[in-house]
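>>> How does the following fold in three dimensions:
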Amino acid sequence: MRKVLFLAALLVGLTVAGPAWAAPDDVPTNLPVVPEQTFTVELVPSGDPDGSGTAELTVDLKTGTVCYDITVTGIGEPTEPAAGIGNAHIHSHAGGGIAVDLETQFSAVEGAVDTYQASECVTAPRQVLLDILLHPEDYYVNVHTDEFPGGAIQGDLA
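Numbers count the residues shown, from 1 in each chain. Below you'll find the predicted structure:
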């Protein structure tokens, strides 16, 4: 009898709460934020005094992605500060850790001097994306170069 009651309770719990493996686009409608937001970020010198740029980042909780279009100038070609780290990231101000590796592949902009662009989408954990949407002021994007491995330019999301 106890087994039957346990299985019935488990079935009711799964029916009410939903499975833990719910589809990524199954985003609750009562979120305190819009599940998709675009941030336009001005990139300013954080290491390279000649650098500048812009980053347009779209954080989409439904698809679990961050899509970006980043253009930089005056910093040389963006490069990884160490193998496998990536050359552009969204970082947390709390400790500076990488929140989202943007996995960027910058290309020279034709007809422009010392200007590079990268556009793509990457996946990221839903909890990280939700925290970015709830607290964009806690995050910044930066771009690294060989000369400035700690970051040549950066900008706050909010």
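
>>> part of a helix, is I132?
Yes - assessed by DSSP: H, G, I helix; E, B strand; the rest coil, I132 belongs to a helix.

>>> where's it relative to D138, distance?
8 Å (Cβ to Cβ, to the nearest Å). Heads up, the C-betas are built off the backbone N, CA and C, glycines and all.

>>> What ranges in the chain fall below the confidence cut-off?
1-33 (pLDDT under 70).

>>> Tell me where it has strands.
With DSSP state E as the criterion, the chain has strands at 36-45, 52-60, 65-73, 88-92, 98-101, 107-108, 115-123, 139-143, 153-156.

>>> Neighbour count: I132 and D138, which is higher?
A direct count of neighbours by other Cβ atoms under 10 Å for I132 and D138 places I132 higher, at 25 against 16.

>>> and the residue nearest in space to the middle of the chain, bridged to which residues?
Residue closest to the mean C-alpha point of the chain, counted by Cα atoms, centre = their mean, is V100 at 4.2 Å. Judged by DSSP bridges, the bridge partners of V100 are I90.

>>> I figured it hits D131, correct?
No - counting by Cβ atoms under 8 Å, D131 is not a contact partner of V100; they are 10.7 Å apart.
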